[in-house]
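Peer 1: here is a sequence with its predicted model. Questions after.
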Amino acid sequence: PYMMLPGEQLVLSVSKARPAIKNYSSNIDDLSTATTTYAGDGTSGLVDSSNPLAARFNTPRGLAFDSKGNLFVSDSGNHRIRKITPDGVVSTFAGASSGDVDGIGVAAKFDSPEGIIIDSADNIYVADFNNSKIRKITPGAVVTTLCSTTANPVDVALDSLESKLYACAYAANDHHIGAVSLKPSVGSFVVVAGNPGAAPSYLNTNGIINPTAAKFNQPKGITIDSNNRIYVAEAGNHAIRKLFDSANYSSPQVLTHASVTGSGSPSAGGVGASGYANGDNWSARFYAPCGIRWNSINDSLVVADAYNNAIRQISSDGTVSTLAGPKPPASGGGFQNSSDRYAVRFNQPKAVAIFTGSIYVADSDNHLIRKIDIAKDPVALGRGNLISNSYVSSIPNPNGHDVTLSTGSINITFYGSYVNSGGSLLP
């Protein structure tokens, strides 16, 4: 085998046969992860500091990065939007005591802000929960009201063109997904899926061209992938739902993407049965999933599985695994940093954000912001065409691996065990 050095690129040529192995997906148990505290001292409070570990938060419930690497935190219990710079300075960006006031910086007021998202111009959109509004904050900290919602918004997401903003919201008998147009002008908030006025329940549309026929139960997280498919973390039904098949979501189909009830029919555990199990997307179980974000690096979903006190991943092929937190079926909470994924402990994580390959967690009831670093091997990040189906292949190698060239094919030996797209164990 040839040992590739960090950052080196090895070009292998095969003259008589095409490479036999092309697609890889990682065995999640062999990934190297390390969870640390990014900000906060673990005590509920309101403290800004140039030392991030001396800062204090109160039940953070939303995270998002701007283009400069600043992390913005929806500090729900403090009714503020906090800012953490790349060098760790924690400050208050907008908000003061609870209220409903537009203004600049600390002159503005929110009431229990939750999910946030940031556009390419670094405007921040906030789900202002108790005010039933979507608020907008410019890079200059000018806070305005984008629109009112018909229920309490919990999380927000932008489509790939940033022409629409979507929100998941719920109230006593109003659990839905809504949207507001941003371009060419700002419109009104409209329901695109769910049945306002109906009691919370579980129902997919299954081909019915009537999105209001769908039913939700406490949708608490929303994200959109590059194909504009919408994914919803539904806490009350312990499921991940998906909306698709409509270019503008005027009549979207609503299906279940991952839960114990894959078909939408009652299972042995009943519709929306909670639990903690990894596996394929129909046998996996969640317990009040809240935050969810699409990971563009490996086309996966990262889920804050709140009551299982775990951060979960749903890969592009539907495999559900635990990135950090107790090993199923245990689900106990607490606080522990570790390089052992299953030794890590959270206390009701409510939101996640992804930046430069790392995952950031709003560890809500620990009043902390945590960080999960994952090995950045090409295959460790998920499925991908690492070797082209041609006679010459160029393989990027950021971390150093053994590479073996065998007759008629290219075999790559990575540290740990991996499976190819056909399910065969490699090497």
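Peer 2: Now that the structure is in, tell me what you want to look at.

Peer 1: per-residue confidence for residue 261?
Peer 2: For residue 261, the pLDDT comes out at 42.

Peer 1: correction: the previous question concerned residue 191.
Peer 2: pLDDT, read off for residue 191, is 90.

Peer 1: number of residues surrounding it?
Peer 2: Neighbours of residue 191 under the rule other Cβ atoms under 10 Å: 18. Using the backbone N, CA and C atoms, a C-beta is placed for each residue, glycine as well.

Peer 1: measure it to residue 204 for me?
Peer 2: Using Cβ to Cβ, to the nearest Å, one gets 17 Å for the distance from residue 191 to residue 204.

Peer 1: find the nearest non-adjacent residue to residue 187, please.
Peer 2: Using Cβ to Cβ, 6 or more residues apart in numbering and skipping the chain neighbours, the partner closest in space to residue 187 is residue 181 (3.8 Å).

Peer 1: can I assume that neighbour is in contact with residue 166?
Peer 2: No. Using Cβ atoms under 8 Å, residue 181 makes no contact with residue 166, being 10.8 Å away.

Peer 1: so where's the protein shaky on pLDDT?
Peer 2: Regions of the chain meeting the criterion pLDDT under 70 cover residues 1-32, 205-211, 245-272, 375-427.

Peer 1: give the contact list for the residue nearest the centre of it.
Peer 2: Using Cα atoms, centre = their mean, the residue of the chain that lies closest to the mean C-alpha position is residue 293, 2.0 Å off. Applying Cβ atoms under 8 Å, 6 or more residues apart in numbering to residue 293 gives the contacts 223, 301-302, 352-354.

Peer 1: quick one: strands adjacent to the helix or strand harbouring it?
Peer 2: Secondary-structure assignment from DSSP states H and E places residue 293 in strand 289-295. Sheet pairing of strand 289-295 (DSSP bridges) gives strand 300-305 (antiparallel).

Peer 1: need the CA coordinates for the partner strand. PDB is fine.
Peer 2: Taking C-alpha atoms only, strand 300-305 is exported to PDB below (Å, rounded to 0.1, in the frame of the first residue of the first chain):
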ATOM      1  CA  SER A 300     -27.900  13.700   4.900                       C
ATOM      2  CA  LEU A 301     -30.200  15.100   7.500                       C
ATOM      3  CA  VAL A 302     -29.000  15.900  11.000                       C
ATOM      4  CA  VAL A 303     -31.700  15.700  13.700                       C
ATOM      5  CA  ALA A 304     -31.800  17.000  17.300                       C
ATOM      6  CA  ASP A 305     -33.700  14.100  18.900                       C
END
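
Peer 1: now the contacts of residue 293 as a markdown table including distance to residue 85?
Peer 2: Output for those, formatted as a markdown table (distance: Cβ to Cβ, whole Å):
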| residue | distance to residue 85 |
| --- | --- |
| 223 | 25 |
| 301 | 28 |
| 302 | 23 |
| 352 | 20 |
| 353 | 15 |
| 354 | 18 |
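
Peer 1: so which pair among those is furthest apart in space?
Peer 2: Pairwise distances across the contacts of residue 293 (Cβ to Cβ) peak at 13.3 Å, for the pair 301 and 353.

Peer 1: which of the two has more neighbours?
Peer 2: For residue 301 versus residue 353, neighbours defined as other Cβ under 10 Å are more numerous around residue 301 (26 against 23).

Peer 1: for the more buried one, which non-adjacent residue is spatially closest?
Peer 2: Computed as Cβ to Cβ, 6+ apart, the closest residue to residue 301 that is not its neighbour in sequence is residue 314, at 4.2 Å.

Peer 1: in the sheet, who's paired with the residue nearest to the centre of the chain?
Peer 2: Beta-bridge partners recorded for residue 293 (DSSP bridges): residue 302.

Peer 1: for residue 366, see how far away it is.
Peer 2: Using Cβ to Cβ, residue 293 is found at 20 Å from residue 366.

Peer 1: then residue 115?
Peer 2: Here residue 115 is placed at a distance of 19 Å from residue 366 (Cβ to Cβ).

Peer 1: of the two, which one has the most company?
Peer 2: The neighbour comparison of residue 115 against residue 366 (other Cβ under 10 Å) goes to residue 115, with 31 against 26.

Peer 1: cool, thanks, talk later.
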